[in-house]
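Enquirer: just to be clear, the model below is a prediction. Sequence and coordinates:
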Amino acid sequence: MNKLIIKQYYGDYDAIKGGANNATPQKENKSNNSSSNSPLGAGGEWPLWEVFIRSKQGLDHKHVGSLHAVDAEMAIENARDVYTRRQEGISIWVVESKYVHASNPDEAESFYEPASDKIYRHPTLYDLPDELTHM
Amino acid sequence: MIEEKNSDTPKFPLRGTGGLAYVLQLADNALILGQRNAEWCGHGPVLEQDIAITNISLDLIGQARYLYQYAATLYNGFSVEEQHAVNALLPRPWKAFNRELQEDDLGMLREERQFLNLLITELPKGDWAQTTLRQFFFSAFQYLQYTQLQNSTDEQLAAIAEKSLNEVAYHLRWSSEGVIRLGDGTEESNRRITAALEELWMFTGEMFAPVAFETQAVQEGYGVDVASLKESWLNRVTTVFEEATLTVPKNTWAQSGGKEGKHTEHLGYLLTEMQYLQRTYPNAVW
């Protein structure tokens, strides 16, 4: 396998695949005296959280990025500082990345290809009025 | 820019040295602490905290701008006698420009002895624990002060306080959570924040010791009685410290002098950096 190119997976897929979790970089020696189960090490040891922001009342929360934080409270505050600076939203959800289970990109063909030639599944024969913008 | 109501019959309850000094004191606190927090830009321990502290810095500088703008407007509306009365507070370089006083002149051209900020705001940023603890002490005080300032008889001060209160509420929340996590975190973080506490505690007393112009402000109805804020402040500190496994120090001796223009050695260096551009290139524009 070509060691120069390392595939990064979202969520917990790394752990399943047996690869390195992208939330914890390899660190040999820690110079401070933090114990191994303490979350307050350097930023790299903190769990990774995925951030979802709802921009307007009634719309859905959209994924805007990720950040490191010690726990849920701090993740919300960090998301507020980093992702709502320019009035991007009114509501924040944070989920630890390890709880996001993502599909395997290697199986993309068998997952998504078969749907491409089944046009009878699409409601294409209806005329939608122009006023409908979120359909 | 906050609109002034009733511009045809201006309300100036802030006449005389006392009034202008009161507004400048509030503005200086915000500007100096904003400057200190801005020193973390690009040097924060973690990206998210770097952004958080610089956001706080921007909030504070924004508050300072509103207050300096108001102070400049006040001054420009003073009678000649009133302007002479506050002469000692005004920047000497500005007098050579022969134009109206503007917000930048107040922030960028005054000297150390003319600044009226609390000593705690000018202390060096130190390590992250020191910054977080200092922010907590100051924001807890500022939150109480601005809550009461909303009831000022001066409409502009009340409006500025009301607008800034949301920002200060967040600063208080962010710094409280920070103090709890540092205190109740690892051995190293607890050591650092305990050291910070020893350094900073003696500067907290000044916040609740009113000086002459503050007492005058309270009497005339537009100011806040800072001594009355101490109990609530101490309650908040005690609650947060309990969760952070820190002990509230018992000693009561306090450093003072900031509100009278007598500052620590740190302010000189801070002003040198902050005011360098405006002093070297007078009247420069972008």
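Expert: Ah, there it is. Residues are numbered from 1 along each chain as shown, chains lettered A, B, ... in the order given.
Enquirer: how much space separates the residue nearest to B:G178 when sequence neighbours are not counted from B:D28?
Expert: Excluding the flanking residues, the one nearest B:G178 by Cβ to Cβ, 6 or more residues apart in numbering or on different chains is B:T132, at 4.0 Å. Where C-beta positions appear, they are placed from N, C-alpha and C, glycine not excepted. Applying Cβ to Cβ, to the nearest Å, the value for B:T132 to B:D28 is 22 Å.
Enquirer: any regions of chain B where pLDDT drops low?
Expert: Along chain B, segments meeting pLDDT under 70 span B:1-17.
Enquirer: no wait, chain A
Expert: A:1-44, A:135.
Enquirer: counting by contacts, list what the host helix or strand of B:L271 packs against.
Expert: Take DSSP states H and E as the rule and B:L271 turns out to sit in helix B:266-280. Judged by 3 or more Cβ pairs under 8 Å, 6 or more residues apart in numbering or on different chains; DSSP states H and E, helix B:266-280 is in contact with helix B:16-38, helix B:103-108, helix B:119-122.
Enquirer: buried ones in that helix?
Expert: B:L267, B:L270, B:L271, B:M274, B:Q275, B:Q278 (16 or more other Cβ atoms under 10 Å in any protein chain shown).
Enquirer: check which helices and strands the longest helix along chain B sits against.
Expert: Longest helix in chain B by number of residues (criterion: DSSP state H): helix B:47-77. The contact analysis (3+ Cβ pairs under 8 Å, 6+ apart) places helix B:47-77 against strand A:61-68, helix A:72-83, helix B:16-38, helix B:103-108, helix B:128-149, helix B:155-183.
Enquirer: give the buried residues for the next helix or strand after that helix.
Expert: Of the helices and strands lying after helix B:47-77 in sequence (DSSP H and E), the nearest is helix B:80-85. Within helix B:80-85, the residues that count as buried by 16+ other Cβ under 10 Å are B:E82, B:A85.
Enquirer: put the alpha carbons of helix B:80-85 into PDB.
Expert: Extracted in PDB, the C-alpha atoms of helix B:80-85 (Å, rounded to 0.1, in the frame of the first residue of the first chain):
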ATOM      1  CA  VAL B  80     -15.300  77.200  27.300                       C
ATOM      2  CA  GLU B  81     -15.200  77.200  31.100                       C
ATOM      3  CA  GLU B  82     -16.100  73.500  31.200                       C
ATOM      4  CA  GLN B  83     -13.600  72.700  28.600                       C
ATOM      5  CA  HIS B  84     -10.900  74.400  30.700                       C
ATOM      6  CA  ALA B  85     -12.000  72.400  33.700                       C
END
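Enquirer: now for that helix, which elements pack on it?
Expert: So helix B:80-85, by 3+ Cβ pairs under 8 Å, 6+ apart, packs with helix B:16-38.
Enquirer: thinking again about what came up before, can I get the helices and strands packed on helix B:47-77 in CSV with distance to A:S103 and mean neighbour count?
Expert: Listed next are these as CSV, based on distance: least, Cβ to Cβ, whole Å; neighbours: other Cβ atoms under 10 Å in any protein chain shown:
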stretch, distance to A:S103, mean neighbour count
strand A:61-68, 15, 17
helix A:72-83, 24, 21
helix B:16-38, 43, 24
helix B:103-108, 55, 22
helix B:128-149, 39, 23
helix B:155-183, 35, 20
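Enquirer: dump these to CSV, plus distance to B:W201.
Expert: Shown next, in CSV, are these (distance: least, Cβ to Cβ, whole Å):
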stretch, distance to B:W201
strand A:61-68, 31
helix A:72-83, 26
helix B:16-38, 17
helix B:103-108, 29
helix B:128-149, 9
helix B:155-183, 13
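Enquirer: nearest to B:S256, out of those?
Expert: With Cβ to Cβ, the closest approach to B:S256 among the helices and strands packed on helix B:47-77 belongs to helix B:16-38: 13.5 Å.
Enquirer: just to revisit the earlier point, now the helix holding B:L271: how far from the chain's centre is it?
Expert: The chain centroid and the centroid of helix B:266-280 are separated by 17 Å, computed with Cα atoms, centre = their mean, to the nearest Å.
Enquirer: who touches it?
Expert: With contact meaning Cβ atoms under 8 Å, 6 or more residues apart in numbering or on different chains, helix B:266-280 is reached by B:32, B:35-36, B:93, B:104, B:108-109, B:111-112, B:115, B:117, B:122-124, B:284.
Enquirer: can you do 7 Å?
Expert: B:I32, B:Q35, B:P93, B:D104, B:M108, B:L109, B:E112, B:F115, B:E122, B:L123, B:P124, B:A284 (Cβ atoms under 7 Å, 6 or more residues apart in numbering or on different chains).
Enquirer: could you check how far the nearest residue to the third one once chain neighbours are set aside is from B:R92?
Expert: If I follow you right, that is B:P93. Residue nearest to B:P93 in three dimensions, not counting chain neighbours: B:L109, with 4.8 Å by Cβ to Cβ, 6+ apart. Look at B:L109 and B:R92: by Cβ to Cβ, they are 8 Å apart.
Enquirer: around chain A, pick out the residues from the stretch 1-150 of chain B.
Expert: Contact residues (Cβ under 7 Å from any Cβ of the partner chain) of the stretch 1-150 of chain B with chain A: B:P45, B:V46, B:E48, B:I51, B:A52, B:N55.
Enquirer: strands of chain A, residue ranges please.
Expert: Using DSSP state E, the strands of chain A run over residues A:48-54, A:61-68, A:91-96.
Enquirer: buried residues in the last one, which are they?
Expert: Burial within strand A:91-96, assessed by neighbour count using 16+ other Cβ under 10 Å, is assigned to A:I92, A:V94, A:V95, A:E96.
Enquirer: can you tell me which of the residues you listed is nearest B:D225?
Expert: A:I92 (38.0 Å).
Enquirer: distance check, the closest one against B:L172.
Expert: From A:I92 to B:L172 the distance is 19 Å (Cβ to Cβ).
Enquirer: chain A versus the residue nearest to B:E122 when sequence neighbours are not counted, what's the distance?
Expert: Nearest residue to B:E122, sequence neighbours excluded (Cβ to Cβ, 6+ apart): B:L267, at 4.6 Å. Per Cβ to the nearest Cβ, to the nearest Å, B:L267 is found 28 Å from chain A.
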